[in-house]
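In: Fold the following for me, if possible:
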Amino acid sequence: MACVRSIGSLTSVTHSPRNVPRSGIVLSSCSVLPIKNSSFTGSPVSLPRAQPSSRTALRPRKPASITMMVKPTLQFIQGTDEMTIPDVKLTRSRDGSNGMALFSFDQPSVFDSSGEVGEITGLYMIDEEGVIQSTDVNARFVNGKPEGIVAKHIMRTPKEWDRFMRFMERYSDQNGLQFVKKQ
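Out: Here you go, the predicted model:
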């Protein structure tokens, strides 16, 4: 007969209540056993066995796919959305193997709350696919006061470029940005 016993945070399963420690309390689904040097005196606890539901036994559930819609956003401090819409400049190599995006923020809202919320740790581009992160972020100061932020995101593979462009398409749709090709 199998017994389940718990000693503090340790839980074990044994086939015989003989394998017990020398001190402490053993709670067993078979019985409550007092141990040497223990003042615990309790009563047996019996729990009903869990029965599998008939629905599960007859017909297994099909996995459901869940699509989460996340508003595309930019963040300098994780958890705090940047409200200022940046000017974004894109460059790409002729062979399409790599590229760069340069984000310019004038008077970003992060300056209003950075002292209260935390430090700027990078530029986080968040959408339904996940997070794209860039740590190349620089602040611009005029007369000792923060004026803007310039963040650079480098894409080293065509796959990274495609992922970034999917994010920018969602972000531009959300914020009314338009792509203007250089003449």
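
In: Assumed residue 112 was part of a helix.
Out: Yes. Counting by DSSP: H, G, I helix; E, B strand; the rest coil, residue 112 is part of a helix.

In: Can you get me a residue count around residue 97?
Out: 12 (other Cβ atoms under 10 Å). (Each C-beta comes from the backbone N, C-alpha and C, glycine too.)

In: Isn't it up against residue 158?
Out: Yes. Taking Cβ atoms under 8 Å as the definition, residue 97 is a contact partner of residue 158 at 6.4 Å.

In: So in the chain, which strand runs the longest?
Out: strand 145-155 (DSSP state E).

In: quick one: average pLDDT of it?
Out: The average pLDDT within strand 145-155 is 95.

In: what lines up beside it in the sheet?
Out: strand 99-106 (antiparallel), strand 136-142 (antiparallel) (DSSP bridges).

In: ok, and what's touching the shortest one?
Out: I take that to be strand 136-142. With contact meaning Cβ atoms under 8 Å, 6 or more residues apart in numbering, strand 136-142 is reached by 76, 120, 122-123, 146-154.

In: what does stretch 144-157 give?
Out: 76, 86, 97-108, 110-111, 120, 123, 125, 132, 134, 136-141, 161, 164.

In: Just the buried residues of the residues you listed.
Out: 76, 86, 99-101, 103, 105, 108, 110-111, 120, 123, 125, 132, 134, 137, 139, 161, 164 (16 or more other Cβ atoms under 10 Å).

In: Sketch out the low-pLDDT regions of the protein for me.
Out: Filtered on pLDDT under 70, the chain yields the residue ranges 1-48, 50-69, 114-115, 183.

In: Now with 90, please.
Out: Scanning the chain for pLDDT under 90 picks out 1-70, 79, 96-97, 111-121, 144-146, 176-183.

In: Sketch out the helices for it, chain order is fine.
Out: With helices called from DSSP state H, the chain shows them at 54-58, 110-117, 158-175.

In: May I see the buried residues of the last one?
Out: Neighbour-count burial for helix 158-175, with 16+ other Cβ under 10 Å as criterion, is recorded at 161, 163, 164, 165, 167, 168, 170, 171.

In: Now tabulate the strands paired with strand 145-155 in TSV and tack on distance to residue 91.
Out: TSV is the format used below for the strands paired with strand 145-155 (distance: least, Cβ to Cβ, whole Å):
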stretch	distance to residue 91
strand 99-106	5
strand 136-142	14
